[in-house]
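S.K.: give me the fold of what follows.
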Amino acid sequence: MTQTPAPSAEAAAAEPPVLISVAGGVARLTLNNPRRKNAISLEMAAMIERFCDRVESDHSIGAVVVDAAGSYFCSGADTRDLASSSSDPSSPEAVSRTSAVYGAFVRVGTLPVPTIAVVAGGAVGAGMNLALAADIMVVTPDAVLDSGFLARSIHPGGGHISLVGRSVGWSGAIALAICGQPLTGVEAVASGLAHAAVPAEEIPAVVDRLVRLPAGDAELTRRIMTSARLELGPPAVNWSSAIEIERGVQMWSMSRKGDAAWSSRGPGQR
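M.R.: Numbers count the residues shown, from 1 in each chain. Take a look at the predicted model:
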(Lines give C-alpha, C1' and ligand atoms only; values in the text may rest on other atoms or scores of the structure.)
Protein backbone atom coordinates (compact mmCIF):
# COMPACT_ATOMS: atom_id res chain seq x y z
CA MET A 1 0.00 0.00 0.00
CA THR A 2 1.72 3.15 -1.21
CA GLN A 3 1.09 6.28 -3.18
CA THR A 4 -0.94 5.75 -6.33
CA PRO A 5 0.84 6.47 -9.65
CA ALA A 6 -0.23 9.70 -11.32
CA PRO A 7 -2.78 9.12 -14.10
CA SER A 8 -2.44 10.52 -17.60
CA ALA A 9 -3.85 13.98 -18.27
CA GLU A 10 -6.88 12.46 -20.02
CA ALA A 11 -7.53 9.98 -17.21
CA ALA A 12 -7.03 12.64 -14.55
CA ALA A 13 -9.67 14.84 -16.16
CA ALA A 14 -12.17 11.98 -15.96
CA GLU A 15 -11.42 10.98 -12.37
CA PRO A 16 -12.63 12.65 -9.19
CA PRO A 17 -10.00 14.56 -7.15
CA VAL A 18 -10.41 12.11 -4.27
CA LEU A 19 -10.56 8.35 -4.77
CA ILE A 20 -12.29 6.11 -2.24
CA SER A 21 -12.23 2.34 -1.87
CA VAL A 22 -13.18 -0.18 0.81
CA ALA A 23 -11.89 -3.75 0.85
CA GLY A 24 -11.16 -6.32 3.53
CA GLY A 25 -12.07 -4.03 6.41
CA VAL A 26 -9.76 -1.23 5.18
CA ALA A 27 -11.02 2.07 3.76
CA ARG A 28 -8.63 4.01 1.56
CA LEU A 29 -8.76 7.71 0.73
CA THR A 30 -6.44 8.80 -2.08
CA LEU A 31 -5.87 12.47 -2.86
CA ASN A 32 -6.04 12.58 -6.64
CA ASN A 33 -4.98 16.07 -7.68
CA PRO A 34 -1.33 15.40 -8.64
CA ARG A 35 -1.09 18.25 -11.13
CA ARG A 36 -1.37 20.61 -8.14
CA LYS A 37 0.65 18.41 -5.79
CA ASN A 38 -2.64 17.22 -4.32
CA ALA A 39 -3.52 20.64 -2.90
CA ILE A 40 -6.82 20.36 -1.05
CA SER A 41 -9.61 22.22 -2.83
CA LEU A 42 -13.07 22.87 -1.39
CA GLU A 43 -14.43 20.05 -3.53
CA MET A 44 -11.81 17.69 -2.13
CA ALA A 45 -12.54 18.80 1.44
CA ALA A 46 -16.22 17.98 0.95
CA MET A 47 -15.33 14.56 -0.45
CA ILE A 48 -13.07 13.85 2.53
CA GLU A 49 -15.97 14.72 4.84
CA ARG A 50 -18.24 12.28 2.98
CA PHE A 51 -15.56 9.61 3.19
CA CYS A 52 -15.42 10.10 6.96
CA ASP A 53 -19.21 9.84 7.15
CA ARG A 54 -18.95 6.45 5.46
CA VAL A 55 -16.21 5.20 7.77
CA GLU A 56 -18.17 6.25 10.84
CA SER A 57 -21.36 4.53 9.68
CA ASP A 58 -19.83 1.33 8.22
CA HIS A 59 -18.89 -0.79 11.22
CA SER A 60 -17.15 -3.37 9.04
CA ILE A 61 -14.30 -0.89 8.52
CA GLY A 62 -11.46 -1.38 11.01
CA ALA A 63 -8.70 0.81 9.56
CA VAL A 64 -8.19 3.77 7.23
CA VAL A 65 -5.28 4.55 4.89
CA VAL A 66 -4.80 8.07 3.52
CA ASP A 67 -2.41 8.36 0.60
CA ALA A 68 -1.99 10.32 -2.62
CA ALA A 69 -1.65 9.89 -6.36
CA GLY A 70 1.67 10.89 -7.87
CA SER A 71 4.94 11.64 -6.18
CA TYR A 72 3.86 14.25 -3.59
CA PHE A 73 1.45 13.74 -0.71
CA CYS A 74 -0.06 17.21 -0.29
CA SER A 75 1.09 20.80 -0.81
CA GLY A 76 -1.57 22.25 1.49
CA ALA A 77 -4.78 24.11 0.79
CA ASP A 78 -5.43 25.11 -2.80
CA THR A 79 -3.79 28.49 -3.31
CA ARG A 80 -6.74 29.66 -5.43
CA ASP A 81 -9.00 29.31 -2.41
CA LEU A 82 -6.40 30.97 -0.18
CA ALA A 83 -6.19 33.90 -2.60
CA SER A 84 -9.97 34.30 -2.58
CA SER A 85 -10.01 34.27 1.20
CA SER A 86 -7.17 36.79 1.42
CA SER A 87 -9.18 39.39 -0.49
CA ASP A 88 -11.60 39.69 2.45
CA PRO A 89 -10.50 37.29 5.21
CA SER A 90 -13.18 38.35 7.68
CA SER A 91 -16.07 37.69 5.31
CA PRO A 92 -18.41 34.76 5.99
CA GLU A 93 -17.36 33.24 2.67
CA ALA A 94 -13.66 33.32 3.59
CA VAL A 95 -14.33 31.82 7.02
CA SER A 96 -16.46 29.11 5.42
CA ARG A 97 -13.73 28.22 2.90
CA THR A 98 -11.05 27.99 5.56
CA SER A 99 -13.28 26.04 7.94
CA ALA A 100 -14.10 23.52 5.21
CA VAL A 101 -10.44 22.60 4.79
CA TYR A 102 -9.89 22.51 8.56
CA GLY A 103 -12.97 20.34 8.96
CA ALA A 104 -11.65 17.75 6.52
CA PHE A 105 -8.56 16.84 8.47
CA VAL A 106 -10.27 17.26 11.84
CA ARG A 107 -12.71 14.58 10.74
CA VAL A 108 -9.85 12.29 9.69
CA GLY A 109 -8.23 12.89 13.08
CA THR A 110 -11.33 11.85 15.02
CA LEU A 111 -12.34 8.71 13.10
CA PRO A 112 -13.27 5.70 15.27
CA VAL A 113 -10.59 3.48 13.71
CA PRO A 114 -6.80 3.74 13.35
CA THR A 115 -5.76 6.02 10.49
CA ILE A 116 -2.48 5.71 8.60
CA ALA A 117 -1.11 8.51 6.42
CA VAL A 118 1.36 7.48 3.72
CA VAL A 119 3.58 10.45 2.90
CA ALA A 120 5.88 10.37 -0.12
CA GLY A 121 7.54 13.43 -1.58
CA GLY A 122 6.37 15.85 1.05
CA ALA A 123 3.62 17.55 3.01
CA VAL A 124 3.30 21.29 3.61
CA GLY A 125 0.89 23.46 5.62
CA ALA A 126 -2.60 21.98 5.59
CA GLY A 127 -1.12 18.92 3.90
CA MET A 128 1.09 18.41 6.91
CA ASN A 129 -1.97 18.91 9.12
CA LEU A 130 -3.74 16.11 7.25
CA ALA A 131 -0.76 13.78 7.72
CA LEU A 132 -0.48 14.72 11.41
CA ALA A 133 -4.22 14.23 11.94
CA ALA A 134 -3.74 10.55 11.17
CA ASP A 135 -2.87 8.30 14.09
CA ILE A 136 0.18 6.86 12.33
CA MET A 137 2.42 8.37 9.66
CA VAL A 138 4.52 6.22 7.34
CA VAL A 139 6.97 8.20 5.20
CA THR A 140 9.63 7.71 2.59
CA PRO A 141 13.11 8.54 3.92
CA ASP A 142 13.49 11.57 1.63
CA ALA A 143 9.99 12.98 2.20
CA VAL A 144 10.00 16.60 3.42
CA LEU A 145 7.62 17.65 6.18
CA ASP A 146 7.42 21.42 6.21
CA SER A 147 5.19 23.73 8.22
CA GLY A 148 5.39 26.35 5.48
CA PHE A 149 3.04 28.90 7.02
CA LEU A 150 5.49 31.59 8.09
CA ALA A 151 7.41 31.22 4.82
CA ARG A 152 4.15 32.21 3.09
CA SER A 153 3.63 35.10 5.51
CA ILE A 154 0.54 33.62 7.14
CA HIS A 155 -0.18 32.39 10.65
CA PRO A 156 -0.44 28.61 11.12
CA GLY A 157 -4.01 27.36 11.00
CA GLY A 158 -6.08 24.31 11.75
CA GLY A 159 -4.41 23.70 15.10
CA HIS A 160 -1.08 23.18 13.35
CA ILE A 161 1.08 24.10 16.34
CA SER A 162 -0.84 21.71 18.58
CA LEU A 163 -0.67 18.88 16.04
CA VAL A 164 3.09 19.28 15.76
CA GLY A 165 3.62 19.82 19.48
CA ARG A 166 1.81 16.67 20.59
CA SER A 167 4.45 14.66 18.71
CA VAL A 168 7.68 16.64 19.06
CA GLY A 169 7.14 18.85 22.12
CA TRP A 170 7.70 22.58 22.59
CA SER A 171 11.15 22.95 21.07
CA GLY A 172 10.39 20.83 18.04
CA ALA A 173 7.11 22.64 17.43
CA ILE A 174 8.77 26.06 17.55
CA ALA A 175 11.54 24.88 15.22
CA LEU A 176 9.03 23.58 12.69
CA ALA A 177 6.13 26.01 12.95
CA ILE A 178 8.00 29.28 13.56
CA CYS A 179 11.63 28.82 12.54
CA GLY A 180 10.63 26.96 9.40
CA GLN A 181 12.97 24.01 9.87
CA PRO A 182 11.59 21.09 7.86
CA LEU A 183 12.16 17.44 8.67
CA THR A 184 13.06 14.64 6.30
CA GLY A 185 11.24 11.35 6.68
CA VAL A 186 14.17 9.89 8.60
CA GLU A 187 14.31 12.93 10.90
CA ALA A 188 10.54 12.78 11.41
CA VAL A 189 10.82 9.23 12.73
CA ALA A 190 13.73 10.16 15.01
CA SER A 191 11.71 13.06 16.46
CA GLY A 192 8.57 11.00 17.02
CA LEU A 193 6.56 12.76 14.30
CA ALA A 194 6.33 9.66 12.09
CA HIS A 195 6.16 5.94 12.81
CA ALA A 196 8.40 4.54 10.07
CA ALA A 197 10.51 5.72 7.16
CA VAL A 198 10.90 3.11 4.44
CA PRO A 199 11.50 3.10 0.68
CA ALA A 200 8.34 3.48 -1.38
CA GLU A 201 8.43 -0.11 -2.56
CA GLU A 202 8.38 -1.34 1.06
CA ILE A 203 5.46 0.81 2.21
CA PRO A 204 2.72 -1.65 1.13
CA ALA A 205 4.11 -4.37 3.39
CA VAL A 206 4.48 -1.96 6.34
CA VAL A 207 0.91 -0.69 5.96
CA ASP A 208 -0.45 -4.21 5.53
CA ARG A 209 1.11 -5.21 8.84
CA LEU A 210 -0.38 -2.16 10.57
CA VAL A 211 -3.93 -2.70 9.32
CA ARG A 212 -4.10 -6.51 9.55
CA LEU A 213 -5.39 -6.85 13.12
CA PRO A 214 -7.69 -3.76 13.13
CA ALA A 215 -9.25 -4.78 9.81
CA GLY A 216 -9.81 -8.31 11.08
CA ASP A 217 -11.85 -7.23 14.12
CA ALA A 218 -13.43 -3.86 13.42
CA GLU A 219 -15.85 -4.02 16.35
CA LEU A 220 -13.14 -4.49 18.97
CA THR A 221 -10.84 -2.03 17.21
CA ARG A 222 -13.44 0.73 17.43
CA ARG A 223 -13.88 0.14 21.15
CA ILE A 224 -10.13 0.20 21.75
CA MET A 225 -9.84 3.44 19.78
CA THR A 226 -12.53 5.01 21.95
CA SER A 227 -10.53 4.05 25.04
CA ALA A 228 -7.32 5.36 23.48
CA ARG A 229 -8.84 8.76 22.77
CA LEU A 230 -10.27 8.99 26.29
CA GLU A 231 -7.01 7.91 27.95
CA LEU A 232 -4.42 9.67 25.81
CA GLY A 233 -6.38 12.84 25.15
CA PRO A 234 -5.29 15.50 25.06
CA PRO A 235 -5.66 15.88 27.94
CA ALA A 236 -4.48 12.48 29.11
CA VAL A 237 -6.08 10.89 32.15
CA ASN A 238 -4.26 9.39 35.14
CA TRP A 239 -3.58 5.67 35.53
CA SER A 240 -6.47 4.97 37.89
CA SER A 241 -8.91 6.62 35.50
CA ALA A 242 -7.47 4.61 32.60
CA ILE A 243 -8.08 1.39 34.53
CA GLU A 244 -11.76 2.29 34.90
CA ILE A 245 -12.08 3.31 31.25
CA GLU A 246 -10.75 -0.07 30.18
CA ARG A 247 -12.44 -2.28 32.80
CA GLY A 248 -15.92 -2.58 31.35
CA VAL A 249 -14.80 -2.85 27.74
CA GLN A 250 -12.29 -5.55 28.57
CA MET A 251 -15.04 -7.50 30.36
CA TRP A 252 -17.23 -7.14 27.25
CA SER A 253 -14.42 -8.43 25.04
CA MET A 254 -13.85 -11.42 27.33
CA SER A 255 -17.54 -12.33 27.35
CA ARG A 256 -17.57 -12.06 23.57
CA LYS A 257 -14.55 -14.38 23.36
CA GLY A 258 -16.04 -17.00 25.69
CA ASP A 259 -14.21 -19.40 27.98
CA ALA A 260 -13.79 -22.19 25.41
CA ALA A 261 -11.77 -19.92 23.11
CA TRP A 262 -8.93 -19.81 25.67
CA SER A 263 -8.12 -23.48 25.23
CA SER A 264 -5.16 -24.21 22.99
CA ARG A 265 -6.83 -27.51 22.07
CA GLY A 266 -9.83 -25.81 20.56
CA PRO A 267 -13.49 -25.13 21.52
CA GLY A 268 -14.94 -27.53 24.03
CA GLN A 269 -11.54 -28.72 25.25
CA ARG A 270 -10.16 -28.13 28.76
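S.K.: give the contact list for the spatially most central residue of the chain.
M.R.: Residue closest to the average C-alpha location in the chain (C-alpha atoms, centre = their mean): A134, at 2.3 Å. Under the criterion of C-beta atoms under 8 Å, 6 or more residues apart in numbering, the neighbours of A134 are 64, 66, 108-109, 115-117. Placement of C-beta: from N, CA and C, glycine included.
S.K.: of those residues, closest to S162?
M.R.: For S162, the closest of the contacts of A134 turns out to be G109, at 10.8 Å, with distances computed as C-beta to C-beta.
S.K.: hang on, that closest one packs against A131?
M.R.: No: distance between G109 and A131: 10.4 Å, which falls outside the contact criterion (C-beta atoms under 8 Å).
S.K.: who has more neighbours out of the two?
M.R.: Neighbours per residue (other C-beta atoms under 10 Å) separate G109 from A131, with A131 holding more: 29 against 17.
S.K.: show me the protein divided up by domain.
M.R.: With domains defined by automatic domain parsing, the chain comprises 9-215, 217-262.
S.K.: circling back to that earlier point, let's see if you can find the most crowded of the contacts of A134.
M.R.: Neighbour counts for those peak at A117, which has 29 neighbours (criterion: other C-beta under 10 Å).
S.K.: just the helices in the protein please.
M.R.: Assigned by DSSP state H, the helices in the chain fall at 9-14, 42-57, 79-87, 92-109, 126-133, 160-177, 185-191, 203-216, 218-232, 239-257.
S.K.: and the ones you listed: which comes nearest G70?
M.R.: Taking C-beta to C-beta, helix 9-14 is the member of those nearest to G70, at 9.6 Å.
S.K.: so where is the stretch 51-200 of the chain shaky, pLDDT-wise?
M.R.: Segments of the stretch 51-200 of the chain classed as low confidence (criterion: pLDDT under 70) are 81-87.
S.K.: neighbours around the nearest residue to R222 once chain neighbours are set aside, how many?
M.R.: Counting by C-beta to C-beta, 6 or more residues apart in numbering, the nearest residue to R222 once its immediate chain neighbours are dropped is P112, at 4.7 Å. The burial count assigned to P112 is 19, neighbours taken as other C-beta under 10 Å.
S.K.: these two touch, right, P112 and I224?
M.R.: No: in this structure P112 lies outside contact range of I224 using C-beta under 8 Å: 10.0 Å.
S.K.: tell me the contacts of T115?
M.R.: T115 sits next to 63-66, 108-109, 133-136 when contact means C-beta under 8 Å, 6+ apart.
S.K.: ah, wrong one, I meant G159
M.R.: G159 neighbours (C-beta under 8 Å, 6+ apart): 102, 106, 129.
S.K.: hmm, 10 Å instead?
M.R.: For G159, the set of contacting residues under the criterion of C-beta atoms under 10 Å, 6 or more residues apart in numbering consists of 102, 105-106, 109, 129, 132-133, 165-166.
S.K.: just give me the closest of those residues to D259.
M.R.: Sorting the contacts of G159 by distance to D259 puts G109 at the head of the list, at 38.3 Å, by C-beta to C-beta.
S.K.: what's the closest non-adjacent residue to the closest one?
M.R.: If you skip the residues right next to it in sequence, G109 has A133 as its closest partner in space, 3.4 Å away by C-beta to C-beta, 6+ apart.
S.K.: next one: the one you found from G159, what distance?
M.R.: Distance of A133 to G159, given as C-beta to C-beta, to the nearest Å: 9 Å.
S.K.: identify the contacts common to the two.
M.R.: When contacts are counted by C-beta under 10 Å, 6+ apart, A133 and G159 are jointly contacted by 105-106, 109.
S.K.: perfect, that will be all.
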